[in-house]
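Enquirer: I'd like to go over a predicted model; first the sequence, then the structure.
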Amino acid sequence: MKKIIFLVAAALVFVASLAGCAHKPELSPNDPVTLTIWHVYGSQTESPLNDSIDEFNKTVGKEKGIVISVVSVSSSSAIDEALTASANNTPGVPALPDLFTAYPRVAAIVGYDKLLDWSEYFSQEELSSFVDEFVAEGYFDKKLLMLPVAKSTELVFLNSTLFDEFAKQAGTDVSTPSTYQDLFDTCEKYYDVTGKDMFQINDFYHYTLTGLTAYGEEIIRDGKPDLSGEAFEKVWTPLAHTAIYGGLCLGDGYASDRWKTGEVICNVGSTAGILYLRDYVTYPDNTTKDIETSITAYPRFENTNPIVVHRGGGLFAVRSEDERKNEAAAIFAKWLTESENNLNFVTKAGYLPVTDSAFELLFENTNKVENKKYRMLYDAVKGMSGEYTFCAIPVFDNASKVQTDFEKNVKLVLKSARAEYLDRTSNGEDKDFVLSELTRASLSKIRSLYED
């Protein structure tokens, strides 16, 4: 009798195990799973991520039965809009893709409950291999919804050919600046000699964020910029002084556009922006001039420990009722973030790898990077490694609009002050007096825009 009961129980366990397996069908090359992806790395025809996806599909994907299908390669803002429309079930808009790359702000728009928690598919040992600051940014309500696959930081890019010509014209020893104060001082000298702007900051929000962080304060309080502290005055004053005096570009658009024409010869911007910095300039008369580029560390703020942002989004997966799709997404994500695979992807686009081991491989021998400019870029990042602290861009409700409005407000205040400076000094007022007065007034003006 006991033997019969035992056999029946064993049979029930066996049946239950079969039922469990039925709910978790295994991946198979005989019945491949296709995952769609939207991403921002390159264009439809030239994309380092597309190249990596092709390699995955031909190797691990073929073996496991996984096909990654690139549906869209676009800008981050375009993907944000498309994801928002899809999440809101807007008529005529395609459904959410299985995978997408985006900034952290998108997680709340799509909905945390719709997204895959990568920590359910990565072991603690696997997650510990990522750079701590990079992976920490991807947690939402203790769920790892955004996995880092490529990051960027900010550096100084200099048209050293035209800079050297300026230095000769200046008749003084002008060295490559290492602090923001040095940089602003050089901008004013450049303006004196050439009558042109030398320098452009692509993102005043990031400039302010790194400055306030370096001086021990936070940029966001209660969902808006907090500009009330002493640190902001230290950050704003040298910036405003040069913007009003001349030498700092306040135009719209990215520095890479003005780089092409020599309209500006220096900028602080994303490492990924190197894709758009040409090796020649084209002048208004359509003549061209070959140039050399130098790349140096992100400028320090005086008497502070150096801080620099890490930028870039990460990989999200939409949770599927088909567990095979979730497993397939995890297999692809693990493959893409393996050291060699990750380096093959990121070093073709000026991005940074995301694991400690990949950083070590890259910095052991940057000569392996074939492109000279890219090699200089990684040498500059290597020089900052261990000395600079990475800081993340704050994530909060309406963060994207707050950043956009901040950029507009900074330029609005500084352009107005610059115009008044030119008007008043052209009418004979003392330049030093007017500059000092307008620099102080601009600080009050920008603060007033964020007071309750």
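Expert: Cool, the structure landed.

Enquirer: What ranges does the stretch 251-400 of the chain have for its helices?
Expert: Assigned by DSSP state H, counting those that start in this stretch, the stretch 251-400 of the chain shows helices spanning 255-259, 323-337, 339-346, 356-364, 372-384, 399-426.

Enquirer: And the second one, what's buried?
Expert: Buried positions in helix 323-337, judged by neighbour count with 16 or more other Cβ atoms under 10 Å: 324-337. C-beta here means a position set from N, CA and C on the backbone, and glycine is covered the same way.

Enquirer: For that helix, what does the pLDDT average out to?
Expert: For helix 323-337, the mean pLDDT works out to 98.

Enquirer: Can you lay out the buried residues of helix 323-337 as a markdown table showing distance to residue 307?
Expert: Shown next, in a markdown table, are the buried residues of helix 323-337 (distance: Cβ to Cβ, whole Å):
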| residue | distance to residue 307 |
| --- | --- |
| 324 | 44 |
| 325 | 40 |
| 326 | 37 |
| 327 | 39 |
| 328 | 39 |
| 329 | 34 |
| 330 | 34 |
| 331 | 36 |
| 332 | 34 |
| 333 | 29 |
| 334 | 31 |
| 335 | 33 |
| 336 | 29 |
| 337 | 26 |
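
Enquirer: Between those residues, which sits nearest residue 345?
Expert: Residue 345 has its nearest neighbour among the buried residues of helix 323-337 in residue 336, at 6.8 Å by Cβ to Cβ.

Enquirer: ok, now which ones touch the closest one?
Expert: 52, 56, 149, 315, 342, 345 (Cβ atoms under 8 Å, 6 or more residues apart in numbering).

Enquirer: Tabulate the residues you listed in CSV, adding columns for neighbour count and pLDDT.
Expert: Listed next are these as CSV, based on neighbours: other Cβ atoms under 10 Å; pLDDT from 0 to 100:
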residue, neighbour count, pLDDT
52, 22, 97
56, 20, 98
149, 24, 97
315, 25, 97
342, 26, 96
345, 23, 94
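
Enquirer: Closest to residue 417 out of these?
Expert: For these, the nearest to residue 417 is residue 149 (41.8 Å; Cβ to Cβ).

Enquirer: got the contact list for the helix or strand hosting residue 211?
Expert: With secondary structure defined by DSSP states H and E, residue 211 is part of helix 204-214. With contact meaning Cβ under 8 Å, 6+ apart, helix 204-214 is reached by 154, 180, 201, 218-219, 225, 229, 231-232, 234-236, 239, 268, 298, 300-301, 304-309, 311, 391, 393-394, 403, 406-407, 410-411.

Enquirer: Residue 202 against residue 269, yeah?
Expert: Yes: judged on Cβ atoms under 8 Å, residue 202 makes contact with residue 269 at a distance of 4.2 Å.

Enquirer: what about the two, which has more around it?
Expert: residue 269 (24 against 18; other Cβ atoms under 10 Å).

Enquirer: my read: that one touches residue 153, true?
Expert: No: in terms of Cβ under 8 Å, residue 269 does not count as a neighbour of residue 153; the distance is 10.3 Å.

Enquirer: For the closest residue in space to residue 242 that isn't next to it in sequence, give me its contacts.
Expert: Nearest residue to residue 242, sequence neighbours excluded (Cβ to Cβ, 6 or more residues apart in numbering): residue 184, at 4.1 Å. The contact partners of residue 184, taken as Cβ under 8 Å, 6+ apart, are 199, 238-239, 241-242, 247-248.
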